[in-house]
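J.: Just a sequence and a predicted model for now, questions to come.
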Amino acid sequence: MSDYIPIQLRQLVAHRAHSICEYCLIHEEDTYFGCQVDHIISIKHGGKTVATNLAFACTFCNRFKGSDIGSLTLTSGTFTRFYNPRTDSWKNHFKLDGVRIEPRSEIGEVTERILQLNAVDRLLERSILAEIDRFPPKGALDFID
């Protein structure tokens, strides 16, 4: 299967997410490298290029996630899947503590760790955006409330 994503499908994914990364909540306008369409389950693992398997992701979240679908939890060592923006509620797996994205579940823990949601540079970026009232972006309330 090809990883080509038709423009109409790309636009649907961006519009559905309000142009906000569905993992770290940064708005596409606020990140230098922009956002990309992410295969939640990668093609490598049998994922399809359909709206129900696509998420809007900033370049960093998409790069850190890669073709991974989950990881081992630090506490139990159990393989746990990543957060899925199409089937999971963000607020069930994460909470915002200022600009930190804190996990609320094992799914949140592996996603936060592997996507490096609280790396120093990412916290700094969100802190600067928060100072100018750009984080969390207005459309993020659909995810966190």
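T.: On my side now, so go ahead.
J.: what residues are up against the residue positioned nearest the centre of the chain?
T.: Central residue check for the chain by CA atoms, centre = their mean: the C-alpha nearest the mean position is that of Tyr23, 1.8 Å away. Contact analysis of Tyr23 by CB atoms under 8 Å, 6 or more residues apart in numbering lists Ala55, Ala57, Cys58, Cys61, Lys65, Tyr83, Pro85, Thr111, Leu115, Leu117. In short, each C-beta sits where N, CA and C put it, glycine included.
J.: And for the fifth one, the neighbour number?
T.: Read that as Lys65. With neighbours defined by other CB atoms under 10 Å, the count for Lys65 comes to 22.
J.: Could you measure from Leu96 over to Arg104?
T.: Distance from Leu96 to Arg104, counting by CB to CB, to the nearest Å: 11 Å.
J.: Of the contacts of Tyr23, which is the nearest to Lys44?
T.: Lys65 (12.3 Å; CB to CB).
J.: Now the closest one: closest residue in space that isn't a chain neighbour?
T.: Leu115 (5.7 Å; CB to CB, 6 or more residues apart in numbering).
J.: I'd like to know which elements the helix ranked longest in the chain is packed against.
T.: Looking across the chain with DSSP state H, the single longest helix is helix 120-131. Counting contacts by 3 or more CB pairs under 8 Å, 6 or more residues apart in numbering; DSSP states H and E, helix 120-131 packs against no other helix or strand.
J.: in that helix, what counts as buried?
T.: Arg122, Glu125, Arg126, Leu129 (16 or more other CB atoms under 10 Å).
J.: what's the closest of those to Gln11?
T.: Leu129 (24.5 Å).
J.: Identify the residues contacting that closest one.
T.: Going by CB under 8 Å, 6+ apart, Leu129 touches Ile26, Asp30, Phe135.
J.: among those, which are in helices?
T.: Going by DSSP H, the helices hold none of these.
J.: Most neighbours among the residues you listed, please name it.
T.: Ile26 (24 neighbours).
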